[in-house]
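S.K.: Build the 3D model from these lines:
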Amino acid sequence: MDFEKIIAAFKKIRTATIEKNNQVVPFVLFIILVTPLILFIVFLTLYLLSVPMENHGVVLRPGETGYDSFFLGFLIITGGIILVLLILILILSKTIGISTIYLSETVNLDKVIYIVSKSKEVYLTDKIMYTYNTKNQTVYTEKNTQRLKEEIEKTLFWFQLKAEDNIRIKSKKNVTSIRITSQVRKSKLTKFYSVYFDDSERIIKFTEIISTSTYGNNNFQSYSKFNFIDINGSSFIHIHPLIQNEIAKSL
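M.R.: Numbers count the residues shown, from 1 in each chain. Predicted structure coming up:
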């Protein structure tokens, strides 16, 4: 799918309900999982092939005292670590860092983005942003145009898509990869997206990976999954009463 088709696919989305799942913690746990998994595979292979093993300067051979207990003990310990990490990854990937993003339109067809998470609710347009903090139950207002633009593009990445040299696109069946690079002071910011389509070229989900690079040192920032729950359905959004009050005051 080329750039024009990508833009066309996103422009078809007038309203949407999107579930965002922050995958940073599960991703870090997955990286940690790699080491015990490799050790488990290596030692299991050695045990199945009956390879002699040196332990504290003593060579243990198959059939000798300590050979089986050494391997089985090691495999049980590493296997237990792997199991615990897998359970944590499965649980945390479904329970933490979840927020819901609503895309809607006003009667004047202006875009409205509404974000609901555990810590806050955000009403966002290109003219104003209201942020309700659930902890102190206070609404904060932001009117800076540049700040609003950055928040919109940060929330729904396709609003920043333009035919520029800093965007690279690769496509294969039902998946399109988009790489966006920009310079932020002395660092290079890279945003990588994988957009998934069904057979009718309708967007069903996408992932986002953000990283920075400074003088050759790469720094992982975030990894999130976005699932489209609904596209072009009902545009009704349940807005928090305190945010509704602020909207009414501005009319």
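S.K.: C-terminal to the helix or strand harbouring Thr190, what's the next element?
M.R.: Element membership for Thr190 (DSSP states H and E) is strand 187-197. Downstream of strand 187-197, the first helix or strand assigned by DSSP H and E is strand 203-214.
S.K.: mean confidence score for that next one?
M.R.: On average, the pLDDT along strand 203-214 is 91.
S.K.: what's the next helix-or-strand element following it packed up against?
M.R.: Using DSSP H and E, the next helix or strand after strand 203-214 towards the C-terminus is strand 217-231. Under the contact criterion of 3 or more CB pairs under 8 Å, 6 or more residues apart in numbering; DSSP states H and E, strand 217-231 touches strand 16-22, helix 24-48, strand 203-214. In short, each C-beta sits where N, CA and C put it, glycine included.
S.K.: Can you add distance to Phe10 and mean neighbour count and give these back as TSV?
M.R.: Output for the helices and strands packed on strand 217-231, formatted as TSV (distance: least, CB to CB, whole Å; neighbours: other CB atoms under 10 Å):
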stretch	distance to Phe10	mean neighbour count
strand 16-22	10	19
helix 24-48	25	15
strand 203-214	7	16
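S.K.: Compare those and give me the one nearest Leu124.
M.R.: Of all these, it is strand 16-22 that lies closest to Leu124, at 13.6 Å by CB to CB.
S.K.: TSV for the helices and strands packed on strand 217-231, including distance to Lys143?
M.R.: Formatted as TSV, those follow (distance: least, CB to CB, whole Å):
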stretch	distance to Lys143
strand 16-22	25
helix 24-48	31
strand 203-214	26
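S.K.: closest to Ser171 out of those?
M.R.: Going by CB to CB, the one of the helices and strands packed on strand 217-231 nearest Ser171 is strand 203-214, 13.2 Å.
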